[in-house]
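Asks: quick check, what structure comes out for this input:
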Amino acid sequence: MKRVLVIGGAKSGKTRFSLTLGESLLGPGERGLYIATCLPLDDEMREKVRLHQAERSHLWDTLDEPIQIWDQKGLPYGVLLLDCLTMWLLNVVEQAPKETESHMERLVEWFSTTPQNVIVVTNEIGLGIVPQDSYSRRYRDLLGSLNQSMAQAASDVYFVLAGIATNIKEIGGMNVHAQP
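Replies: Got it, this is the predicted structure:
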């Protein structure tokens, strides 16, 4: 089974690439499950969700699940696509702050052991300026740690920049980097 992490900046093409990759992993007659973590709280986010929904082909069913991703095991799908880890972590930090680290561990466990192909989309937010406030710095640090844990557990890690995906970690292939 594939364990794929797709990472990049906002609007870099991560979702489009992930959907295409997910469909390539589906067997004959299989469907994919798109697990949406966004809680659309304003008009801008509702429009973004609508555009993401329009991107998905008929091969995808959608499940809106803001936090408890680990409950999605053993479902009759060839691919589970979690979009996105960035919003998931924000939901956890805001709704279950005392459980953040245990939830992060549970998610990595789910990613590592789910019996289907799994693709997880996330943002790389550590390439920009250092946030001025401690809440934002803590969130950046938590996401950086979670991204590292997911990358360690992944069979493949793709970095997407300007719509171009580059595989930066591939198990069983030529592009394997030493892990610390």
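Asks: contacts, neighbours, all on C-alpha from now
Replies: Noted.
Asks: next secondary structure after the helix or strand in which E94 is found?
Replies: According to DSSP states H and E, E94 maps onto helix 85-95. Downstream of helix 85-95, the first helix or strand assigned by DSSP H and E is helix 100-113.
Asks: the inter-axis angle of that next one versus helix 85-95?
Replies: Relative orientation of helix 100-113 versus helix 85-95 (axes from the mean of the first three to the mean of the last three Cα atoms, to 10 degrees): 150 degrees.
Asks: would you map the strands across the chain?
Replies: 3-8, 32-36, 60-64, 79-83, 117-123, 156-161, 164-170 (DSSP state E).
Asks: kindly export the third one (C-alpha atoms) in PDB.
Replies: Spelled out, that is strand 60-64. Provided in PDB are the C-alpha atoms of strand 60-64 (Å, rounded to 0.1, in the frame of the first residue of the first chain):
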ATOM      1  CA  TRP A  60     -14.600  10.200  -5.400                       C
ATOM      2  CA  ASP A  61     -17.000  10.100  -2.500                       C
ATOM      3  CA  THR A  62     -16.600  12.800   0.100                       C
ATOM      4  CA  LEU A  63     -16.500  12.600   3.900                       C
ATOM      5  CA  ASP A  64     -16.400  15.800   5.900                       C
END
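Asks: per-residue confidence for G173?
Replies: Among the per-residue scores, G173 holds a pLDDT of 51.
Asks: give me the helices and strands touching the one helix or strand in the chain whose mean pLDDT sits lowest, please.
Replies: Ranked by mean pLDDT, DSSP states H and E, the weakest helix or strand in the chain is helix 43-55, scoring a mean of 81. If contacts are counted by 3 or more Cα pairs under 8 Å, 6 or more residues apart in numbering; DSSP states H and E, helix 43-55 sits against no helix or strand.
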